[in-house]
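>>> need a 3D model of the sequence below.
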Amino acid sequence: MFILMIIIFILGYLAIALEHPLKVDKAVSALAIGTLCWVVYMCGLFDILTQGSSPQFSEYIGNKEMLENGDDINSFLNGLRSLEGAERAGWLKEMREWIVDNQIISHLGEISEILFFLLGAMAIVEVIDQHEGFRVITDRIKTTNKVKLLWIISILTFFLSAVLDNLTTTIVMVALIGKLISEKRTKWFFASIIVLAANAGGAWSPIGDVTTIMLWIGGQVTSGAIISRVFLPSVAAIIIPLAILSFFMKGSVKRPAHEEHEKQLTTKSEQKIILFLGVGGLLFVPVFKTITHLPPYMGMLLSLSVIWLVTEIMHRNKDHEVKAKLKLIYILKRVELPTVLFFLGILSAVAALQSAGQLNIMANYLNDNLNNVYLINIAIGLASAIVDNVPLVAGAMGMYPVEAAGTIGFAANFVQDGIFWEFLAYTAGTGGSVLIIGSAAGVAAMGIEKIDFIWYLKHISLLALSGYFAGAGVYYIQTLLLT
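Numbers count the residues shown, from 1 in each chain. As a prediction, this is how the structure comes out:
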């Protein structure tokens, strides 16, 4: 059963990676493995838990039994395996209760924090978009020079991604270039660089990427540390590809033919108010956590409630047609629920592997064979180009506990704001840019602009790789200078 859980996880990942050829939404595969891993775990829990691979169960046994008889954990587990009859049945019952009442509830609490945070953030972004708040930014871009436009779009994406998130920013910016560029391959180049910029911008912000949100909420990093220490590596990750392209990209873009504007549902002042409230609400979340010490999702929901109240007052005297498009209760229907369910499924599956002990075995393997936090993180980052970075980071969080402050030796890299966690935020956030399917932002751009996988591999992957290793080098040098 222990091996079967891994097989289910791998098969589920293949289904997620082959989402488009299979024509099966990745949320389906994620939910399936998220439940099946726990089902298999429950079916074989006695053999799985008594083999000693689960740190959580060993801690549970230590707290419960070690104080009574002084046994070594491994000796105690070996003794459990030899039990028969009523004694075995009694321990089997206790293990089931431990999984249901302790492990599932604990992991569900952690997952729910992330999901409610994402729901709030996605709802706020949808409100801004529906009120055309982003036009305040996009209407100011006038240049047609390819290089200038590329730098403007990339810088805007980089910082917008840090405030919003890389997926939403990519969707907004790819829609923007559709209004600025008509030629197909040029749009592919710009959309691809938007992916690089969005992933790099999300890596240094506690709210810029799902993985940084996970590390921040999980207590592995703090907002001030990740901003100050991952910013320069993230800048290098986008500056290097831009510098290379600036030597080869020439000419001007051809803008699409002017289209008649649809009826405006919001005024300029309303667009500015909603943009200010939305971005301000997102920026308020780290401040809220610092002041109240409450989970970030509460700050996000508070911001959402304020925006909801403002829009209710703003549109209360308008006709029903306008209200049906602008009131938040209707806008909530536009939030991507399959995306939320995908994260629920994949994080549940990772939680099962963490509880059962497979991730602990993987951590020990990496430590024994690499034994270097930089190499481990670089490997994780490159792996995120093939599989989604969310489960990779969730796996790393499960594999390595946050060590207490003052820890010395190799373990000191795993304290809060330690080298491992900061570098993980960078590598997991930017490594997915190497392939178009390696990040949520890349998949979004691929779907919107129909970017060919092989084209991206030939024209963008080396650029992304150069930026990835440049940023890694900057982080390494920066760490040497600060220690």
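>>> where does the stretch 201-350 of the chain dip in pLDDT?
For the stretch 201-350 of the chain, the stretches flagged by pLDDT under 70 are 256-264.
>>> could you rerun that using 90?
Scanning the stretch 201-350 of the chain for pLDDT under 90 picks out 202-203, 205-226, 228, 245-297, 299-300, 310-350.
>>> residue ranges for the helices of it, please.
With helices called from DSSP state H, counting those that start in this stretch, the stretch 201-350 of the chain shows them at 210-217, 223-248, 268-292, 296-314, 320-326, 328-331, 337-356.
>>> so which of these is the most packed in?
helix 210-217 (a mean of 26; mean count of other CB atoms under 10 Å). All C-beta spots, glycine's among them, are computed from the backbone N, C-alpha and C.
>>> what helices and strands are in contact with it?
helix 105-130, helix 223-248, helix 296-314, helix 389-399, helix 419-430 (3 or more CB pairs under 8 Å, 6 or more residues apart in numbering; DSSP states H and E).
>>> my read: Lys323 touches His315, true?
Yes: with contact defined as CB atoms under 8 Å, Lys323 reaches His315; the gap is 5.4 Å.
>>> mean confidence score for stretch 6-20?
For stretch 6-20, the mean pLDDT works out to 81.
>>> now swap in stretch 25-45 and tell me
For stretch 25-45, mean pLDDT is 88.
>>> against Thr168, how distant is the spatially closest residue to Met122 that is not a sequence neighbour?
Leaving out its chain neighbours, the residue that sits closest to Met122 by CB to CB, 6 or more residues apart in numbering is Val335, at 4.9 Å. Relative to Thr168, Val335 is positioned 11 Å away (CB to CB, to the nearest Å).
>>> now the common contact residues for the two.
Taking CB atoms under 8 Å, 6 or more residues apart in numbering as the contact rule, Val335 and Thr168 both touch Met122.
>>> which of these two has more neighbours?
Thr168 (25 against 16; other CB atoms under 10 Å).
>>> doesn't Ala123 make contact with the more buried one?
No: applying CB under 8 Å, one finds Thr168 not in contact with Ala123, separated by 11.1 Å.
>>> on the three-state scheme, the closest residue in space to Leu45 that isn't next to it in sequence is what?
Closest residue to Leu45 apart from its sequence neighbours, by CB to CB, 6+ apart: Met95 at 5.1 Å. Secondary structure, DSSP: H, G, I helix; E, B strand; the rest coil: Met95 is helix.
>>> for the remainder of this discussion, apply numbering that starts at 414.
Happy to do that; since the first residue is 414 now, the last one works out to Met508.
>>> burial count for Asn784?
10.
>>> where's the residue nearest to Met535 relative to Ala536, distance?
Using CB to CB, we find Val748 at a distance of 6 Å from Ala536.
>>> re earlier: can you tell me which residues contact the residue nearest to Leu458?
Contacts here follow CB under 8 Å, 6+ apart; on that basis Met508 touches Leu458, Phe459, Leu462, Phe470.
>>> make TSV from the helices of the stretch 614-763 of the chain and add distance to Gly880 to it.
Formatted as TSV, these follow (distance: least, CB to CB, whole Å):
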stretch	distance to Gly880
helix 623-630	18
helix 636-661	4
helix 681-705	26
helix 709-727	29
helix 733-739	40
helix 741-744	36
helix 750-769	26
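>>> go through these and name the closest to Val856.
Within the helices of the stretch 614-763 of the chain, the stretch nearest Val856 is helix 750-769; the backing value is 10.6 Å (CB to CB).
>>> next helix or strand past the closest one?
helix 771-782 (DSSP states H and E).
>>> kindly export that next one (C-alpha atoms) in CSV.
This file holds the C-alpha atoms of helix 771-782, laid out as CSV (Å, rounded to 0.1, in the frame of the first residue of the first chain):
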residue,chain,number,x,y,z
GLN,A,771,7.0,9.0,1.6
LEU,A,772,8.2,12.6,1.7
ASN,A,773,10.4,11.9,4.7
ILE,A,774,12.1,9.2,2.7
MET,A,775,12.6,11.6,-0.2
ALA,A,776,14.0,14.2,2.1
ASN,A,777,16.5,11.8,3.5
TYR,A,778,17.5,10.7,-0.1
LEU,A,779,18.1,14.3,-1.1
ASN,A,780,20.1,15.0,2.0
ASP,A,781,22.2,11.9,1.6
ASN,A,782,22.9,12.4,-2.1
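>>> and the angle from that helix to helix 750-769?
70 degrees (axes from the mean of the first three to the mean of the last three CA atoms, to 10 degrees).
>>> show me what helix 771-782 is packed up against.
In terms of contacts (3+ CB pairs under 8 Å, 6+ apart), helix 771-782 is packed against helix 415-430, helix 750-769, helix 786-796, helix 802-812.
>>> residues making contact with the third one?
Meaning helix 786-796. 779-780, 783, 805-806, 809, 826, 832-833, 836-837, 839-841, 843-844, 847, 881, 885, 889.
>>> so who does the nearest residue to Asn491 once chain neighbours are set aside touch?
The spatially closest residue to Asn491, leaving aside those adjacent along the chain, is Thr463, at 7.8 Å (CB to CB, 6+ apart). Thr463 makes contact with Leu490, Asn491, Leu493, Arg494, according to CB under 8 Å, 6+ apart.
>>> mind checking how far Thr463 is from Ala443?
Counting by CB to CB, the gap from Thr463 to Ala443 is 30 Å.
>>> ok, Ala650 next?
Here the criterion is CB to CB. By it, Ala650 lies 28 Å from Ala443.
>>> export the helices and strands packed on helix 771-782 to a markdown table and append columns for distance to Thr703.
Shown next, in a markdown table, are the helices and strands packed on helix 771-782 (distance: least, CB to CB, whole Å):
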| stretch | distance to Thr703 |
| --- | --- |
| helix 415-430 | 36 |
| helix 750-769 | 25 |
| helix 786-796 | 27 |
| helix 802-812 | 22 |
